[in-house]
Structure formats: C-alpha cells, structure tokens
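1. Attaching a predicted model along with its sequence, questions to come.
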Amino acid sequence: MASRSRTTATCWQTTRAYAAKAARISALTKDLSEWLPELSAQLKGRIKPAAQTVAFHPPCTLQHGQQLRGGVEQHLGALGFQVKLTGCEPHLCCGSAGTYSVLNPELAYQLRDRKLGHLGQTFGTAATEVIVSANIGCITHLQSGTATPVRHWVELLDQALQPVTTAFTIKFIAINDRPSRASGCFALMMRLSKSASGPPATLASRSPRSAARRSPRCPEK
C-alpha cells in the first residue's frame, strides 16, 4: 500500500511539472489564423484575389478546440476575397475527426457528404467554386468526395499575393586587387544591410475571440 502511495505521489508531481511546461508552450503558441489581423493590415494593396466564390469550413480544431470563430472569413473578406461561411450547420464536423474516418468510414462518409451539400449551397443558386478550411484532415476528407478544389485558406492567400519588386544596385569593390578581400567586404555590407532593417515586427496580441454562435436548423432534404 505504501509503495502504491509513493507511486501515486510521484505521478502527481510529474503531471504537475508537465502541466506547467504545457501551459508555457500554450502561452507561446498561436494558431495561424490569429496572425490575420496583423497580416491583413500589412498585405493590403498586395493581394489580388481571383474572382471566385469561396466557402469556408471551420474545422472542429479551430472553432471548438481553440474557440476561434469568425476571424478567417472576416479578414479574408476584408482583403477582397468573396468568402462566406455556410449558413447551415457550420458547427457540424465534416466526418474526418482524426482516425474516426478510418475506424468508422460509413458514418464518416455520411457526415462528409452532408457537409459538402451545405458547402455547395453556401451561395444559393451560384456555385461554390473553392472550399477552404484550416485542417489537413478536413481538407483531404472533403476533397475525397468532391471535384470542387478544397484547399487551406493560407494557400488562397499565397496565390493572390503579388510579388514586390525592389530595385537596387550592387557595387563590386576591389581592394588592393585582392578579390578575397573584396568579397569579404561585400559580405560584410550585406550583413550590415540586413541588420539595419531591424528585427521583425512583433505579433499583435491575441484578438478577442467572438462568442459562440448557434446555427439555424436546416430544412429537411
């Protein structure tokens, strides 16, 4: 009995130690979508979205696990994307759910087809041309049931990002006709120019999370 008590106490101490480490990692970690408020401000004028209808499927990891709702579609919309959340059961799982689609394929495919049906009707009579999500499991699972492209929203952003052309002149310097010293001087100039630009801007604090929304009941098929 004493041995079991010592084991329990050791496990508890270990759990508390890892809980502190986990809390620290959690405080340092951000979801990619939490960068959008800062990124959208910096990318305005550099984004040229394609003229297409985009339906956003918020994965369970984002809207239920992290309680992050509304940010992706809000900021993509501000950048000019024609993006919309389906009005019917946006809270519902697509059926991927990690290994669920492997262990319970019949139910997983039913959920997938139900979700794809809602996503396809996001724009009413107009067709949904692209589906975006934020979880590789959702993306691959949904794509297995439709010919409509299913992508991560950051791929959409990357595709629309216009390159920045910077004009600059490089002057090669010969010092005492010794190329090695000239190249060393050039490398030093490059390092100084990089350091002069300063550290990258710090990320903005987490944006307030919107309150959970209840979805309207969908009409019977």
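-> Perfect, I can see it now. Remember, it's a predicted structure, so these values are computed and weren't measured experimentally. Residues are numbered from 1 along each chain as shown.
2. Would you quantify the distance from Gly65 to Arg114?
-> According to Cβ to Cβ, to the nearest Å, Gly65 and Arg114 sit 21 Å apart. Every residue, glycine included, has its C-beta placed from N, CA and C.
3. out of the two, which sits in the busier spot?
-> Arg114 (18 against 11; other Cβ atoms under 10 Å).
4. I'd guessed that one sits against Thr86; true?
-> No - with contact defined as Cβ atoms under 8 Å, Arg114 does not count as touching Thr86 (11.1 Å).
5. Looking at Pro163 now. What's its pLDDT?
-> Confidence at Pro163, expressed as pLDDT, is 82.
6. How about the contacts made by it?
-> Contact analysis of Pro163 by Cβ atoms under 8 Å, 6 or more residues apart in numbering lists nothing.
7. what residues are up against Ile131?
-> 54-57, 119, 142, 146, 148-151.
8. 6 Å instead?
-> Counting by Cβ atoms under 6 Å, 6 or more residues apart in numbering, Ile131 makes contact with 55, 119, 148, 150.
9. Can you add neighbour count, distance to Lys44 and pLDDT and give those residues back as TSV?
-> Compiled in TSV, the contacts of Ile131 are given as follows (neighbours: other Cβ atoms under 10 Å; distance: Cβ to Cβ, whole Å; pLDDT from 0 to 100):
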residue	neighbour count	distance to Lys44	pLDDT
Ala55	26	23	97
Leu119	26	28	97
Thr148	16	28	97
Val150	23	27	98
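10. mind putting these in a markdown table, distance to Tyr100 included?
-> Formatted as a markdown table, these follow (distance: Cβ to Cβ, whole Å):
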| residue | distance to Tyr100 |
| --- | --- |
| Ala55 | 22 |
| Leu119 | 19 |
| Thr148 | 23 |
| Val150 | 18 |
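11. which one of these is nearest Val72?
-> Ala55 (11.8 Å; Cβ to Cβ).
12. what about the closest one, is that helix, strand or coil?
-> The local conformation at Ala55, judged by DSSP: H, G, I helix; E, B strand; the rest coil, is strand.
13. got a list of what the closest residue to it other than its chain neighbours touches?
-> Once flanking residues are discounted, Ala55 sits nearest to Thr122: 4.1 Å by Cβ to Cβ, 6 or more residues apart in numbering. Counting by Cβ under 6 Å, 6+ apart, Thr122 makes contact with 55, 84, 86, 128.
14. and the helix or strand containing the second one, which strands flank it?
-> Using DSSP states H and E, Lys84 sits within strand 82-85. Applying DSSP bridges to the sheet, strand 82-85 is found paired with strand 53-56 (parallel).
15. If you count neighbours, what's buried in the partner strand?
-> 53-56 (16 or more other Cβ atoms under 10 Å).
16. same thing with stretch 23-41?
-> Going by 16+ other Cβ under 10 Å, stretch 23-41 has these buried residues: 31, 33-40.
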